[in-house]
Structures are given as structure tokens and as C-alpha cells.
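Trainee: I would like the atomic coordinates for the input below:
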Amino acid sequence: MGPTLEGYRVPKGEAFGAAGVLAGLCVVYGCVRGWIEDGNPFVWVSVWYLWLIIAIAFAYPLLFIRGKTTTCGSDWLMYNGKVWVNTYELNEIKVTKYAGGYHITLKDTSGRGMMLNLRTLQELPYLWNYVYLGIMHSVVYGGATANNEAIKRLQLPARIS
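Mentor: Below you'll find the predicted structure:
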């Protein structure tokens, strides 16, 4: 692996914002439910386990969103400092749809693989350029297979049968 040329880390502000929104939704739910059932929107405040639920709702985004990194070099992509693939030696590219967008699955000839949110890769243009060039090279010159969704979303050359 060569030097890191581009990278992305989820900002702490985004993690704290998500944590605040999730905890705030729990508080609003408690107030609305208390008002409907008892006529007092703050009846839930004296229940200790509801505070535990709010604390977990606040901590969850901080633990799982903050600190996620995506870095790349001229021929590699790494996620979270642990999982990486050689983008010029890919043998399988899959794009799958899920509730919030699309996931991309990349597998290289050495058996390494990763799955990422496609938007995470495309947020930084330079990072996406390095990754996309590797994907395109792997498809055109390396014979990597791509599913129909990947061909459509990434505008890859169609398979020749």
C-alpha cells in the first residue's frame, strides 16, 4: 500500500447532532404519551428506566457514527483502518439498494472485501475519483464482474456475452 492521498472522517458535530436528535425524539415521545394517557406531559420524568433509554439513545450515535474513517491511496481503499481492498485488482463489484440509499460491495483477487454506503465514498470528489478509476480499470482490464445495479449506478461498461 502506498501513501494515503485522500480521506474522510465523520465530523464530531454530526455525531453529536444525531445523538441530540435521537435523545430529543425520546423526550418528545415521553411528553406526548404522558399528555395523552395522564394529562401531564412530564409524568415520565420520575421513571428511572426511561432516563436510561434516553441515555442509550444519546450514546448510540456517538459510539457508532463518530470516528468512522474512509481513506484511499492511488490503488487501495480502506475503511476504519482495518478493512481494505486493492481497487485495481477487484474481481466483484456489487451495488445493492437499501432503505436509505445504496451499498457498494468490493472484493479483490486476494480475498479481501468490504461493504460501504455508496454516498460515503461519493461525498469527497477526490476520494471517489481514485476509487472509481480503480473500479473502472478492474472492470475493463481485469475482467471484474459487476451486477446490473452497479452497471447502472456507476455507469460501468455493460457485460459482453
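Trainee: Residue 113 - how many residues pack around it?
Mentor: Here the neighbour count serves as a burial measure; for residue 113 (other CB atoms under 10 Å) it reads 16. Any C-beta I mention is one placed from the backbone N, CA and C, and that applies to glycine too.
Trainee: And residue 150, how close does it get to residue 99?
Mentor: With distances taken as CB to CB, to the nearest Å, residue 150 is found 19 Å from residue 99.
Trainee: I misspoke; the intended subject was residue 88.
Mentor: Distance, residue 88 to residue 99, by CB to CB: 32 Å.
Trainee: Between those two, tell me which one has more neighbours.
Mentor: Neighbour totals were compared for residue 88 and residue 99, and residue 88 leads with 19 against 4 (other CB under 10 Å).
Trainee: Can you read off the pLDDT for the residue of the chain positioned farthest from its centre?
Mentor: Counting by CA atoms, centre = their mean, the extreme residue of the chain relative to its mean C-alpha position is residue 39, 41.5 Å from that point. On pLDDT, residue 39 comes in at 85.
Trainee: how about it, phi and psi?
Mentor: Dihedral angles phi and psi of residue 39 (degrees, to the nearest 10) take the values phi 80, psi 0.
Trainee: mind listing what it touches?
Mentor: With contacts defined as CB atoms under 8 Å, 6 or more residues apart in numbering, residue 39 has no neighbours.
Trainee: Against residue 150, how distant is it?
Mentor: According to CB to CB, residue 39 stands 55 Å off from residue 150.
Trainee: now the strands for this structure?
Mentor: For the chain, strands defined by DSSP state E occupy the ranges 6-9, 69-72, 76-79, 83-86, 90-98, 101-108, 113-117, 145-146.
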